[in-house]
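when you get a sec, could you give me coordinates for this:
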Amino acid sequence: MIDFSATINDLKGNPLKQDGEDVTLRDTCTNALLAAFQGEQQDGKTKMSRWKLAQRIHDAKEPIELTAGDVTLLKEVVSKAYSAAVVGPAWTLLDPAEK
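Numbers count the residues shown, from 1 in each chain. Predicted coordinates for the structure are as follows:
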């Protein structure tokens with residue numbers, strides 16, 4: 001189960017902020033899923049699949065279960081969209097074995 005309301009924390013354990021708000025795993029993953037990356041060609045099916053997963057994460061009020069494939073996709077897009085300061089804590093929340 002993954003809690004997408006968890007905050008993305010810096011090395012000192014403080015939540016990262018954007019526009020004065022704590023950055024959550026929900027924000028990080030949905031933004032990365034909805035992003036278009038230079039050099040990446042997405043067909044309509046891929047875009048729709050990513051949008052559906054982003055919607056599911058956005059709407060989650062409690063921790064949710066994801067498939068291994070969904071977790072792999074999230075780790076991939078988060079690593080493309082963000083620096084190590086976000087990737088490290090996000091991957092740790094997505095897959096605790098990454099610690």
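
going forward, measure contacts and count neighbours with C-alpha atoms only.
Noted.

ok, residue 9 to residue 16 distance?
5 Å (CA to CA, to the nearest Å).

please identify which of the two sits among more neighbours.
Using other CA atoms under 10 Å, the more surrounded residue of residue 9 and residue 16 is residue 9, with 20 against 17.

please list all residues in contact with the closest residue to that one other than its chain neighbours.
Distances taken as CA to CA, 6 or more residues apart in numbering put residue 15 closest to residue 9, at 4.1 Å, once the chain neighbours are dropped. Residues in contact with residue 15 (CA atoms under 8 Å, 6 or more residues apart in numbering) are 7, 8, 9, 22, 23.

isn't residue 5 up against residue 28?
No. The criterion here is CA atoms under 8 Å, and residue 5 misses it with residue 28 at 10.4 Å.

neighbour count winner among the two?
A count of neighbours by other CA under 10 Å puts residue 28 above the other of residue 5 and residue 28, at 21 against 18.

before we move on, back to that, now the residue nearest to residue 9, what are its backbone angles?
phi -60, psi 140 (degrees, to the nearest 10).

any stretches of this protein with poor pLDDT?
99 (pLDDT under 70).

how about the strands of it, start to end?
17-18, 21-22 (DSSP state E).

could you dump those strands to a markdown table with distance to residue 37 and mean neighbour count?
Converted to a markdown table, these look like this (distance: least, CA to CA, whole Å; neighbours: other CA atoms under 10 Å):
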| stretch | distance to residue 37 | mean neighbour count |
| --- | --- | --- |
| strand 17-18 | 21 | 12 |
| strand 21-22 | 25 | 13 |
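
could I get the ones you listed as TSV with distance to residue 44?
Formatted as TSV, the strands of the chain follow (distance: least, CA to CA, whole Å):
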stretch	distance to residue 44
strand 17-18	31
strand 21-22	32
